Every structure is written in structure tokens, then in C-alpha cells.
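Participant: got a predicted structure plus its sequence, pasted below:
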2 protein chains.
Amino acid sequence: MNKSEALSERAGNETSDLSKARLRAWLQILKVSRKIEGELREKMRLEFGSTLPRFDVLAALYRERDGMRMSELSKSLMVSNGNVTGIVDRLVAEGLVVRMPVENDRRASIVRLTKAGEKDFAERALVHEGWVSDLFSDLSSGDADALIRILRNISHHNEAPHHD
Amino acid sequence: MNKSEALSERAGNETSDLSKARLRAWLQILKVSRKIEGELREKMRLEFGSTLPRFDVLAALYRERDGMRMSELSKSLMVSNGNVTGIVDRLVAEGLVVRMPVENDRRASIVRLTKAGEKDFAERALVHEGWVSDLFSDLSSGDADALIRILRNISHHNEAPHHD
DNA sequence: CATAGATATTTCAAACTTAAAATATATGTG
DNA sequence: CACATATATTTTAAGTTTGAAATATCTATG
């Protein structure tokens, strides 16, 4: 704690200007992400008859064409295991992904895009990028870089410590 | 569309560097907000036996001590009307808020903190601010200001156009 | 005053989400 | 091999969230 923080917190129950600035920053992040997510959710529903969580799963699988385990998917998306089970169930029902057995491990399964899933996602991804760019049309290249730099700092600090 | 965008998009199906930078920025916002929300959710549950949505409602009502209508609450929190109904039901059951009739309008109701709700929230808010400050401990004062400025630009551009 | 349309809220069904329990399978140790 | 422990996934219960339909009430217009 630096000198001015120590001074401003001498009563014990107050919070520093810095902590208030960080709280404001967090609330602003929350506001933007809710607004943008809401817009994207509506577009997904109207244009694709689909949802953001399903798009996120397809996107992850599109980056890993050989497929991913359920546990890899949930780690990559930062959601619970049980959550992914339901989303994948629906994508299987839609014919966009398949579950495949894993050699030598009957507990696990690999989830992969089907041909239809690849085709659908490739089309949707382009449209999606356009939506995002429109929603962020006031974001200059420089500000985008600054934003990414600052946010990376935050997420690196909060990275889950891996066991080794 | 500027010259370089026109050039880089001449095939019709490509996307510009700027749109890719904006997409990366959006994904980074999403990553940070998921991570932080997850951390805060867990702390809320363990320390307060409560949830983020309830905290958000209490926070809104703490700012408006005279209470808010359900519709004001849902607009302020950017969630649906039906959503707020459920959260408020639970807060009423916990004794933290009350619904009061509105003079001259029997459709509406005003939701207000109870004494217990005020007391609980005041305590929780301080602890919450500390959690946020810790999670953002790598965020300097200058970066916080930059972040807020950039994000405000984005949210202003996406402000819901009000009818007049 | 009747009543059509607007507004405020709740209800509802479906999907998403979590944390914890349950299930199934693998692996290491005696 | 037996069995304890670890791992991968699904199931379950509770809560959150949405969008649409249903209710209830209000307001303006003829």
C-alpha cells in the first residue's frame, strides 16, 4: 500500500481512490459485455435461429478440427463440464457435431464438427465478425490494441495456477 | 470504407484487419468478464451465501433509496422484466427488499430495501469492492482511466435510441 | 362512458449455468 | 490381482435468463 492509500484508508472502513477506479472499470466492462452480448444474442436468434453458447462451442471446435474432449471444451470456454454436456447434446441433435469414442479410454469422448457443422460455422463466423465490427465501430485500431493490452494484463494476473 | 479496407476486402468474403482487431478486443472483454464474474460468484456464494444477480439488484436499490419500479430495475440492470420478478421474489423471501403499491397506478409496484437489506448490502459492498480491487490489482490508475474511456465510447455508441 | 390501445408486471417454456452427486473407467500400489 | 484413488463425463437440483403470452390496469378518443 502506498502513502496516499494508507492515508485515505486510515479509518479502516474506507476504500482507496484506486480501488474505486478499479470498481468503476469493472462495472464498465460488465456494462459493455452485457450490452454487446444482448445484441449478438438477438442477431444469432433472428438470423441463425441459434444461440451464443452454441456458437462458442462451434468456434472452439472449428479451431481444433480434429475435435476436443468434453473437458477440453469446458476448460477452453471457461464453463462447467455439465454445462457443455447440454450444449453439445443440442448441437448433436442439430447434426452440427458428433461424439466419437477415444482409443484406450472409454470414459472420454471426442467432439468434432460434422461437415454440416463446418459449413454452417464458416458462414456464421463471417457474419458474426461483421456484427462485432459494427457494434465496435467507434473503436479505433489504436484503442483496440490498448484495450487488448490492458485486458490481457488483467486476465494473466487471474490465470488459474496450473499444477506441475 | 477506406482505401485499405476496400483493397483488403476486394474478394468480398474477407474481413479487414480492423474488424479482426475489434473481434479480438471483444473476445478479450468476454474472457475477462467471464473470469472475473466466476471469481466473484464463488466468493459471493462462499462468503455471503448469495448470488451476483441478487447483489446487482441490491446495489441498484441502494443507489435509489426511495425504491424503484420493476421496469426501472430491469432497464437499469439491462435484463428482462421477467428475470427481475424472480430475483426480487427471492430477495423478498430473504427479507432484504419489499414490494410496495404505487399511488394512482395499481399495475406498478415499487421495490425498496428493508432495513436489513440496507445493512446487509452496505457491509457486502465494501467487501465486494475489496475483491474487485484484488482481482484488478494489476490495473494501474492510468490504465483504469483508459479502460473506462474506451469502454464508455463503445457503450455510448450502442446506447438504445430513446423514443421522443 | 365504452373501448381500443398502451403500459406494468407476472407467468411460462425453453435454454443456459453452476456446484455437487453419481457413474463409469483408469491407474497405481500393495 | 484387489482395491483405493484419480479422472472424464453425465445427471440432478436450484437458480438465472430470455422472449412470448397472459393479466391487470391505465389512458385517450370518440
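Facilitator: Looks like it came in fine.

Participant: anything in the longest helix belonging to chain A near DNA strand D?
Facilitator: As assigned by DSSP state H, the longest helix anywhere in chain A is helix A:17-43. Yes. Part of helix A:17-43 sits near DNA strand D under the criterion CB under 7 Å from any atom of the strand, namely A:38, A:41, A:42. Bear in mind the C-beta positions are built from the backbone N, C-alpha and C, glycine included.

Participant: tell me which of those residues is nearest to chain B?
Facilitator: residue A:38 (6.8 Å; CB to the nearest CB).

Participant: same for the longest helix of chain A, what does it pack against?
Facilitator: Helix A:17-43 is packed against helix A:3-8, helix A:52-63, helix A:115-135, helix B:17-43, helix B:115-135, helix B:141-157, with contacts defined by 3 or more CB pairs under 8 Å, 6 or more residues apart in numbering or on different chains; DSSP states H and E.

Participant: out of the ones you listed, which gets nearest to DNA strand C?
Facilitator: helix A:52-63 (3.3 Å; CB to the nearest atom of the strand).

Participant: what's the mean pLDDT across the longest strand seen in chain A?
Facilitator: Longest strand in chain A by number of residues (criterion: DSSP state E): strand A:105-113. For strand A:105-113, the mean per-residue pLDDT is 97.

Participant: and what of stretch A:65-84?
Facilitator: 97.

Participant: quick one: contacts of that stretch?
Facilitator: A:53, A:56-57, A:60-61, A:64, A:85, A:88, A:100, A:102, A:108-113, A:118, B:31, B:34-35, B:38 (CB atoms under 8 Å, 6 or more residues apart in numbering or on different chains).

Participant: filter the residues you listed to the buried ones?
Facilitator: A:53, A:56-57, A:60-61, A:88, A:109-113, A:118, B:31, B:35 (16 or more other CB atoms under 10 Å in any protein chain shown).

Participant: DNA strand D: which of these is nearest?
Facilitator: Of all the buried ones among the contacts of stretch A:65-84, DNA strand D sits closest to residue A:109, with 4.9 Å by CB to the nearest atom of the strand.

Participant: so what's the closest one up against?
Facilitator: Taking CB under 8 Å, 6+ apart, one finds A:69, A:70, A:99, A:100, A:101, A:102 in contact with residue A:109.

Participant: could you redo the last one with a cut-off of 10 Å?
Facilitator: A:67, A:69, A:70, A:88, A:98, A:99, A:100, A:101, A:102 (CB atoms under 10 Å, 6 or more residues apart in numbering or on different chains).

Participant: could you dump the residues you listed into TSV and include secondary structure?
Facilitator: Formatted as TSV, those follow (DSSP: H, G, I helix; E, B strand; the rest coil):
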residue	secondary structure
A:67	coil
A:69	strand
A:70	helix
A:88	helix
A:98	strand
A:99	strand
A:100	strand
A:101	strand
A:102	strand
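
Participant: quick one: contacts for residue A:39?
Facilitator: Contacts for residue A:39 (CB under 10 Å, 6+ apart) come out as A:131, A:132, A:134, A:135, B:158.

Participant: among those, who's most crowded?
Facilitator: Top of the contacts of residue A:39 by neighbour number is residue A:132, holding 23 neighbours under the definition other CB atoms under 10 Å in any protein chain shown.

Participant: tell me if I'm right that that residue and residue B:18 touch.
Facilitator: No. Contact criterion CB atoms under 10 Å: residue A:132 and residue B:18 do not qualify, at 11.2 Å.
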